[in-house]
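# Need a 3D model of the following:
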Amino acid sequence: MAVLIVLSVVVCVVGVLLSVSSFERVSEEVEPVVTAHDHYTEVVADLESAATQWSLTGDDQAREDYGTAKVELADAKDDLLSRVAGDPRLEGVVAAETAAVGRLVTGYIDPVLAGEPGMLDPTLNDVGQGRTGTYRDAVANARDALAAELAEVQDAATLRLRLTVVASVLLLVGAAVLIGRSRARLLSELSEPLLALEQVVQRMLRNDPEGRAVDNRGPKEVRSIARALNDFADAGSRARAVEGRIQDELHVLDSAKDDFVSNVSHELRTPLTTISGYLEMVADEFDGMLEPRHERMLEATRRNVVRLRALIDDLLALSKAENRPSELEPSDVTEMVTDAVTDVRMTAARRGITVEVTASDEPLAVVCDRAMLYRAFLNVLSNAVKFSHDDGSVEVSVKRVLNRVEIAIRDHGIGIPQSEIDRLGTRFFRASNAMTNEIAGTGLGLRIVQTIIDKHSGDVIIESAEGEGTTVFMRLRLHSDRIDRSGRTAEAPPSPVDIGERVELEPSRSPRR
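Below you'll find the model as predicted:
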């Protein structure tokens, strides 16, 4: 291919140079000779005209024109002879022409100018006619030779140009043929190995552990790709084996953790119940008899018993949310949110907090574990009331967004510091301003919400500004039988198997806006 390209360039350059050289010869050598010859014949014609005018009129101007033309004739002759020097064919005809002109001038024109005006010797007239005819023949021969020379040079230039074009076209055709054959050969050498590699990649995408490429076919680049694919497949097999062992160990650890949490929670509930009962007995028996400091000690004990009981309840709820099989059924989200609002309104009313609900009349059904999802809504609403200022307000909205339902719960309370938002959803984490304001809590409420919403393939999004309030968005997929407002079928929710098999390896983090 490189040789053909070089040859094409060389042929084009050489052909163009030769053609240019031929055309330059036409313009620099042949055409100047033609011009010099035409000038020479014009001067001879001036001599003949001067002789004829003198013989007819005897005008002295004719003699002056003759003298001027005679001098110019010598210069024109020298110029013409110098231009044809070295060209044998032109030298001969030009020499014959100049000889005929010399005989014409000496034998006819000069005698006419030397004689009396108005009188012409018949014998001299005959001589002039004969020598004029000879001169005309010599001029015709010279012009024919010049025309032939010009045509020959032009033909040579044209031929070279045509040969250049033909050679270039032939080389280009040869290059096209070579490219076509090379392409066909390349395709034949690459197509089958590449198709085989594609099949191997498809098997690898299907997690076929036996998918391996043949690494001894095709060009070295294809063989290199095949070896790299095999190395990748081997690494994938090893990674899957390690992942399987890790999954087994994680399942064991999860089971142990769940058993520990469940056992400890149940074991703690019994003594807490006993302690709570004895505290009530002491309070009743010694009512009005205890000193103030003893009353404060008793109240602190009661408060911490309540706190431990709430912590145990939250641990049990989180364990159930993470591990128990979900009992799914289509349920109306608006109805569940309304019930949760009704349950928190009494607590909110004690502090003068209003809870307003804005919901669509359209039923918004989701496939869910009704009890668990209700617990998530109740937790978020309880947090909104708990972290609101007295005589504040909480706004709840339920609306459809394409094929999802969005529940937004907004309060105007203490908010969350910006630097701590990323830690929300971590077990036992509580915002610093909540601890400063001594607001009770276990740090598990939002974790429970996140776990429940995750099991329903939903999203939890939190927006908050310290001192301004917090908005929690929960988004869930609508039931698959419903149609969105654009006329398209809504996405189907995850199957019960999908929901039950989701595993949280780390504390989930809520997505942020």
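# continuing past the host helix or strand of residue 37, what's the next helix or strand?
Here residue 37, judged by DSSP states H and E, is contained in helix 31-57. Following helix 31-57 in sequence order, the next helix or strand is helix 60-84 (DSSP H and E).
# That next one: how far from the chain's middle?
On the basis of Cα atoms, centre = their mean, to the nearest Å, helix 60-84 sits 80 Å off its chain's mean C-alpha point.
# Could you figure out how far that helix is turned away from helix 31-57?
Note on geometry: by axes from the mean of the first three to the mean of the last three Cα atoms, to 10 degrees, helix 60-84 and helix 31-57 are set 160 degrees apart in direction.
# Pull out the buried residues from helix 60-84.
Of all the residues in helix 60-84, those buried under the rule 16 or more other Cβ atoms under 10 Å are 62, 65-66, 69-70, 72-73, 76-77, 79-81, 83-84. Any C-beta I mention is one placed from the backbone N, CA and C, and that applies to glycine too.
# Could you report the distance from the residue nearest the centre of the chain to residue 396?
Residue closest to the mean C-alpha point of the chain, counted by Cα atoms, centre = their mean, is residue 198 at 24.0 Å. With the distance defined as Cβ to Cβ, to the nearest Å, residue 198 ends up 54 Å from residue 396.
# about what we covered before: helix or strand for the residue nearest to the centre of the chain, which one?
helix 122-205.
# tell me which strands and helices the helix or strand that that helix is followed by is in contact with?
Later in the chain than helix 122-205, the nearest helix or strand by DSSP H and E is helix 220-285. Judged by 3 or more Cβ pairs under 8 Å, 6 or more residues apart in numbering; DSSP states H and E, helix 220-285 is in contact with helix 122-205, helix 292-323.
# any chance of these in CSV, plus distance to residue 96 and mean pLDDT?
Conversion of those to CSV gives the following (distance: least, Cβ to Cβ, whole Å; pLDDT from 0 to 100):
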stretch, distance to residue 96, mean pLDDT
helix 122-205, 5, 76
helix 292-323, 122, 75
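# Mind putting these into TSV with distance to residue 41?
Output for the helices and strands packed on helix 220-285, formatted as TSV (distance: least, Cβ to Cβ, whole Å):
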stretch	distance to residue 41
helix 122-205	6
helix 292-323	118
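# Among the ones you listed, which comes closest to residue 472?
Closest approach to residue 472 among the helices and strands packed on helix 220-285 is made by helix 292-323 (17.0 Å; Cβ to Cβ).
# Now do the contacts for residue 432.
417, 420 (Cβ atoms under 8 Å, 6 or more residues apart in numbering).
# For residue 421, see how far away it is.
Distance from residue 432 to residue 421, by Cβ to Cβ: 12 Å.
# related to what we said a few turns ago, looking at the buried residues of helix 60-84, which is nearest residue 292?
Distance to residue 292 across the buried residues of helix 60-84 (Cβ to Cβ) is lowest for residue 83, with 140.6 Å.
# my read: the closest one touches residue 31, true?
No. Residue 83 lies out of contact with residue 31 (Cβ atoms under 8 Å); the separation is 10.4 Å.
# Let me know the closest of the buried residues of helix 60-84 to residue 477.
Of those, the one sitting nearest to residue 477 (Cβ to Cβ) turns out to be residue 83, at 99.9 Å.
# Quick check: closest non-adjacent residue to the closest one.
If the residues on either side of it in the chain are set aside, residue 83 comes closest to residue 33, at 4.7 Å by Cβ to Cβ, 6 or more residues apart in numbering.
# Tell me who's in contact with residue 474.
Here residue 474 is in contact with 376, 377, 380, 406, 407, 408, 409, 449, 453, 458, 459, 460 (Cβ under 8 Å, 6+ apart).
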